[in-house]
Structures are given as structure tokens and as C-alpha cells.
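>>> Next comes the sequence, and after it the predicted model I'd like to discuss.
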Amino acid sequence: MTTNVSGQISVGGRKIYDVIILGASGFTGKYVVREALKFLNTTNSPLKSLALAGRSPSRLSEALKWASSGTDSPPKVPLITADTTDPNSLSRLAAQAKVILNCVGPFRLYGPPVVEACVEAGCDYIDICGEPDFMERMEVMYHEKASEKGSLVVSACGFDSVPAEIGLMFHSKHWAEPSVPNHVEAYLSLESDKRIVGNFGTYESAVLGVANADMLIQLRRSRPRRARPAIPGPAPSKGSLLEHQKELGLWGLKLPSADATVVRRTLTTLTENPKGLPGVNESAQNVEKRESFWSSVKPAHFGVKLGAKSVLRLLPAIVLGMFLGLLSKFSLGRWLLLKFPSFFSLGWFRKKGPSEDEVASATFKMWFVGRGYSDAKLASQGNKKPDTEVITRVMGPEIGYLTTPIILVQCALIMLADRDNLPKGGVYPPGIVFGPTGLLEGLQQNGISFDFISKKSISA
């Protein structure tokens, strides 16, 4: 049995719900609900109260029933009517929650009013966005006010970009002194014994991202220059669009990835705050833990490539990239791309999304191939090439509907359980906030593994 709640507010400044999932009836949202229910009122879980929000109570009810299938009856979870086009409904929502999990994309279209409502209410906010323009614009617009109001706003808390961020930090720890990394390339391999089908929301975000790329450039040019991390050795060459990574047995296609952008933002923030971000009411023990963690993280140039065992399997991505470049810049082209996603992506994306069987059969592997120096002193010797290689790997289930909900919910649980040790507020990428927490351990306990593969000398 569920309760339809349209207008409750916080009582005496006390939040009614630990978490509200906004967009809970969407393609990804219902999987997030299913993941959250695993931790609702369970032993040692900080998640004691949960509500679902969206435009349609009937669809929310259906999503809850789907997410709780296999149980005797759906749990008593309140359903709240809210719409991203109705600021008052969002304000009421933010007033009731400790943390809002936003699953409503594309975020450039629907995200700003949700962030604004959370900041004004001092409510924490996390989302599954992989859109650099939205993330950086929210930082410009709301960072100062969020810091003042005590609202912690963290985007990219899904497959974009936590495996890249936490995976790079895990990788970094395998460069024991005096060795240092120079550059790390991540190769993303998507695997399934059925057809791999992507999330239409991701596709739509990509179309709009390419269409508005000039706006992101203008935004970056308008901002003051920030500190750059000190990375030992010369910057690596840009390399070719397509390469064969013989050691992994993969062909790699260079991607204009949000992951690289998010990682750069974390490394920049770390450069400005070498000991990390202090918690709002942090214990002395956690201060020591945080400072120790960040002292072991070594910055490196970072990029992402889509990996496959044959060039033919990269063809859908190559074709889609060509069409995005040709058609995204004008309205008719965008209409065609959004109308016929399956055609322009050779079946990689489709409007109705993957079936449950296709989701269940898919997995990912993200290989981190780092090259650097056995001794940091070597990096300062002219144009000396790296002489050491480290390989690590992050591995887990399907990226959009299984891995993303796992990550989002684990981030929310940390926000609830460890809030005193997190920054008071502000707009940040996930790595700088969750890096020193137990996020990696939480992910490992829920099906996402982090593995050391090898370290060896290479010919310089």
C-alpha cells in the first residue's frame, strides 16, 4: 500500500524523508527504486525513510510495484507529485528531504530548477548526469550559495563518472614511491551475450551536448583560470583516434568523455585543496584519514577510449559519432537524430530501451593502463619517456540500469551515514567528495570490483 502525498513540508525544520527519488518512474528511476529498497530499514542501513516523486502518481505506483516484485506486497512508500516545470512543487520536495536523488534527464533541460530548489532549502542533491555543460554551469551558478546554505550538490554519481574517478584513485595507489604516473588511459569494454542497447536518455544528452558544444567553450573561457595539477613529465601526445591495445587485446576508439572532464575537475579542486575538503563537523580521526588518503593520490593526464575486440564492434560508435557531428548543429538534424535513434546508431540506442534480459546479460570492464616513471626524478630529465606501466581494472554489471543505481544509492547512503565528515555544501564532482569515504568498499560489496592486474617495466 502506498500513500499519495502532495504537499507536506518539513516539521520544525526537521526533514521528513532521508531520501526522495525524483523521476522514480522513468527508465533508470525504477531501477534506482529497486536498488534503494534493498537498504530501506535494513540492519546497519542509514536509510530509514524513502519517498518517490514524479509527475504521475499512477506511474510511480507502477514503478514501486515493479521494483518490489518478488515480495509479498509493496512497502509503504509515499508518492509525491512533483514536476520540474513547477518550481513550487520542487521547493516543497526539497523541504522534505535530506537528500534528493535526481533521475530526470536530459539534465541541461530539466536539472537546473531541481538544483536551485535543493540549494535554497539546504537539501543535499546527487544525480546520474554525464553532461559537462550542466555540471559546470551549476557550479558557476550555485556553488557559493550552496556552500552558504549547506547544500551539497554532486553530479555524475552513476556510471558517469564514479568508476572513472574512484577507479583512477584506486589505480593511483599502485604507484608506490618513488614511482609516479604520467598518463592513464581507460579502456571501456561493454560485453553481453545478447545485443547491447543503450539508454535513450544518454543518447538524447549526447545529441544536445554536441549541439551546444560552443556554449560550453564560452562558459569555460568566461571563468577565471584555476590551478592545474603538477603532473610529472611531459604531456602525452594526443595519439590517433583508433588504436590497437595489444596487451588487453582491444581496439580503442577515443571518446569525448564526460569522465575525463569530471576527473580534471576533481584534480583541479585537489590542487587547490591538497588535503581534500574538510567536513562540516569532522572528527579528528576522519581528518587524519582524509589527509592520509589524499596524500597517496597522484595526479595524471587521463583519457577514455571505447574498447572492443574487433574494429567491427566499434562501428556503431564510429557511425553515431559521424552523424552527431553532421546533424546535431541544426534543428532538422537534431529532430532526425532523436526521431530515429536506432537507425543512426546501428541499433545501439532505441527509444524503448533494453529488455530486462538484455540488461541482466550485460557487463562492463574498465581497464586503466597507466604509464609513468619508476622514480619521479626521471620525469625531470628532458624528454625521457615513461619506463613503468601499471594496469588495474573496474568491473561490474550493465552500466545504465544496474551499475548506475548501485553507485547512486551507495553515494546516498554515505551522505546519510557520514554527513558530518563531508563538506558543508557546494557544487562538486564526486571524486573530491567521496574519494576518502567508504564508497569503494560499498561498491565492492554490491557487485562492482576493483582489481590490480599488473605492474612492470617497459622500454623507455
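Perfect, thanks for sending it. Numbers count the residues shown, from 1 in each chain.
>>> Please list all residues in contact with the nearest residue to Thr261 once chain neighbours are set aside.
In space, and not counting its chain neighbours, Thr261 is closest to Pro132: 4.4 Å by CB to CB, 6 or more residues apart in numbering. Every residue, glycine included, has its C-beta placed from N, CA and C. The contact partners of Pro132, by CB atoms under 8 Å, 6 or more residues apart in numbering, come to 209, 216, 258, 261-262.
>>> Quick check: which element contains Gly209?
Gly209 belongs to helix 200-211 when assigned by DSSP states H and E.
>>> Could I get the buried residue list for the helix or strand following that helix?
As assigned by DSSP H and E, the chain's next helix or strand after helix 200-211 is helix 213-222. Residues of helix 213-222 classed as buried: Leu216 (neighbour count, 16 or more other CB atoms under 10 Å).
>>> residues in contact with helix 213-222?
Contacts of helix 213-222 with the rest of the structure, by CB under 8 Å, 6+ apart, involve 132-133, 136-137, 140, 209.
>>> quick one: the residue nearest to Ile453 when sequence neighbours are not counted and Gln96, what's the gap?
Nearest non-adjacent residue to Ile453, counting by CB to CB, 6+ apart: Ile391, 4.1 Å away. According to CB to CB, to the nearest Å, Ile391 stands 46 Å off from Gln96.
>>> same question, Gly201
Counting by CB to CB - Gly201 and Gln96 are separated by 26 Å.
>>> More neighbours: these two, which one.
Gln96 (25 against 22; other CB atoms under 10 Å).
>>> And for the residue nearest to that one when sequence neighbours are not counted, the neighbour number?
The shortest distance from Gln96 to any non-neighbouring residue, by CB to CB, 6+ apart, is to Ile16 (4.6 Å). Residues within reach of Ile16, counting by other CB under 10 Å, total 17.
>>> Kindly report the same for Gly276.
Counted with other CB under 10 Å, the neighbours of Gly276 add up to 22.
>>> would Pro436 count as being in a strand?
No: the assignment for Pro436 is coil, going by DSSP: H, G, I helix; E, B strand; the rest coil, so no strand is present there.
>>> Wait, it touches Lys289, no?
Yes: Pro436 lies in contact with Lys289 (CB atoms under 8 Å); the separation is 6.4 Å.
>>> Just want to know which of these two has more residues nearby.
Higher neighbour count among Pro436 and Lys289: Pro436, with 24 against 16, using other CB under 10 Å.
>>> and the more buried one, what does it touch?
Per CB under 8 Å, 6+ apart, neighbours of Pro436: 276, 289-290, 293-294.
>>> Show me these that map onto helices.
Of the positions in the contacts of Pro436, 289-290, 293-294 sit in helices, assigned by DSSP state H.
>>> can you put those in JSON lines and add distance to Pro178 and pLDDT?
Listed next are the ones in helices among the contacts of Pro436 as JSON lines, based on distance: CB to CB, whole Å; pLDDT from 0 to 100:
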{"residue": "Lys289", "distance to Pro178": "24", "pLDDT": "96"}
{"residue": "Arg290", "distance to Pro178": "24", "pLDDT": "97"}
{"residue": "Phe293", "distance to Pro178": "20", "pLDDT": "97"}
{"residue": "Trp294", "distance to Pro178": "19", "pLDDT": "97"}
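>>> still on that earlier bit, orientation of the helix holding Gly209 relative to helix 213-222 in degrees?
70 degrees (axes from the mean of the first three to the mean of the last three CA atoms, to 10 degrees).
>>> Just the closest of the contacts of Pro132 to Phe340, please.
Gly209 (18.6 Å; CB to CB).
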